[in-house]
Structure formats: structure tokens, C-alpha cells
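Undergrad: Provided below for reference: sequence and predicted model.
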Amino acid sequence: YEAALRDAAEFRLLVNFHGANKPTGESRTWPNELTREAIKGMEGRRIQRAPLDATLPFTRLLAGHADYTPVHFGERRNDTTWAHQIATAAIFTSPLLTYGAQPKTMLEHPCANLIRSIPSVWDETIVLPVSEIGEMAAFARRRGDRWFLAILNGPAARAVDLPLSFLGSGRYQALLVRDSPRGADAVEVQNAAQSRSDSIRIELQAGGGFIGRFSR
């Protein structure tokens, strides 16, 4: 890996390693390493994704960036919902986000605007107290003055009440994407005004998810 990164750097090339070992700090020396695989991501088919996705942020992703190829709306999402899939893009760390869904599918998706706005690098990350390895990953992440709240739920349905105390002062325009009672292949999209004194109640299906964008 180091030899490949050194040679690529000489030619001013960026690298995305696949079929690779987990990172061990190479990108600190060779910042031309954008990301690497070393994760059982969307390429696999027969995987219980819900508990895996709720585990990875606290295990593999502690070692560094991972090209999971997140966000898929077809059969490969297995036991997860559409809202869960979109939330993976905000929770799984990768400076290059290579989405798994077909471009046409994403462009026609009701959450296309939100998907376009998810950054690949962050200025601040807060792991919320409701998180539990294998059961739920709940992150608040900031890029500039815009916040994202994302949840990956594990195999059990649940409801959570989350305070928005991570927000700055003033009012935010929120775009909220939730699991839909119509099924795993649908979402509910809501627009609302929110502030740091508010809280949100979120009903999560088994394998469900949530993502909210809070903009000034």
C-alpha cells in the first residue's frame, strides 16, 4: 500500500484501495489515499445489514475511512429501510462517497435533494447517548453551519426522543426523512422549523433509520 501511495503521489494521483486491509494510519503520511474498502459493504448480498450497520461506526470505522458504497434502494439493502440507507451516507466515514444506487434511481428518488447535500467530510461529530453497538447508531454531524442528524437502527423497532441541543442558536429550517408506515421501500418527508430547545420523537422500524438536515 505504501509503495502504491508513494508512486501515485509522484504522479499527483488519488487512490481508493479495494479488497484491502483495514487502514492503519497510512493516510496521515499519504493524504492522496482518499478511502479504502476493508469492510463488508453493499457489494455483499446475503447479509443482515441492520445489526451490521449499527455496529460498524463503533468498530471498523474507528480504524479510519471505509468505502462501503452506501445508499441502495434495491434488494441489496436486505433488512433495512430507505431511510436507513440514506442515513448510512451521513454516518459511515469516507472522504469519497461512492453511492451504491443507480444514478437514475437516486435522481428520481423523493430524497434526491437531501442526498445531494450530504458532505463526505465533517467539521464536527457528536455520537448521541442513545447509541448502542449493534442496536443503534445515532450521530449529529456538522459541516459549516449546517447540521445533519442520522440514525441507523438495528433489528428491533423502537421509538426515541432526541433533543436538538447540538444545534447553534437561532432557528433552523429542517428537512426530516423518516421510515414510512407504507413499508420499507418508502419514506416520509417533512419540513419544519426547529431550534436547540426542541426535541424530535422518531419512530424507527426494525432495520429503520432517520436523517434530518438543519440549515440556517
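TA: Done, it's in.

Undergrad: can you dump the C-alpha atoms of stretch 118-125 in PDB for me?
TA: What follows is stretch 118-125, C-alpha atoms only, in PDB (Å, rounded to 0.1, in the frame of the first residue of the first chain):
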ATOM      1  CA  ILE A 118     -24.700  15.200   2.300                       C
ATOM      2  CA  PRO A 119     -21.000  16.100   2.600                       C
ATOM      3  CA  SER A 120     -18.200  13.500   2.600                       C
ATOM      4  CA  VAL A 121     -16.100  15.200   5.300                       C
ATOM      5  CA  TRP A 122     -17.200  16.800   8.500                       C
ATOM      6  CA  ASP A 123     -16.200  19.600  10.900                       C
ATOM      7  CA  GLU A 124     -17.700  18.200  14.000                       C
ATOM      8  CA  THR A 125     -19.200  14.800  15.000                       C
END
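
Undergrad: who touches it?
TA: The contact list for stretch 118-125 (Cβ atoms under 8 Å, 6 or more residues apart in numbering) reads 86, 89-90, 94-97, 139-144, 148. Any C-beta I mention is one placed from the backbone N, CA and C, and that applies to glycine too.

Undergrad: could you identify the most distant pair in these?
TA: 96 and 140 (22.6 Å; Cβ to Cβ).

Undergrad: what are the boundaries of the strands in the protein?
TA: 15-17, 33-36, 124-127, 136-143, 146-153, 158-163, 172-180, 183-194, 199-204, 209-215 (DSSP state E).

Undergrad: neighbour count winner among residue 96 and residue 140?
TA: Set side by side, residue 96 and residue 140 show more neighbours around residue 140, with 21 against 14, by other Cβ atoms under 10 Å.

Undergrad: quickly list what the more buried one is bridged to.
TA: residue 126, residue 149 (DSSP bridges).

Undergrad: about what we covered before: neighbour-wise, give me the winner out of the contacts of stretch 118-125.
TA: Comparing the contacts of stretch 118-125 by number of neighbours (other Cβ under 10 Å), residue 90 comes first, having 28 neighbours.

Undergrad: for residue 170, see how far away that residue is.
TA: 22 Å (Cβ to Cβ, to the nearest Å).

Undergrad: ok, now residue 155?
TA: Remark: distance between residue 155 and residue 170 (Cβ to Cβ) = 38 Å.

Undergrad: between the two, who's got more neighbours?
TA: residue 155 (14 against 9).

Undergrad: and the more buried one, how far is that from residue 55?
TA: 11 Å.

Undergrad: which residues sit against stretch 107-114?
TA: Applying Cβ under 8 Å, 6+ apart, the contact partners of stretch 107-114 are 73, 82, 86, 101, 106, 115, 175, 177, 187, 189, 211, 213.

Undergrad: rerun that using 10 Å as the cut-off
TA: The contact list for stretch 107-114 (Cβ atoms under 10 Å, 6 or more residues apart in numbering) reads 71, 73, 82-83, 85-86, 89-90, 101-102, 105-106, 115-116, 148, 175-177, 186-189, 211-213.
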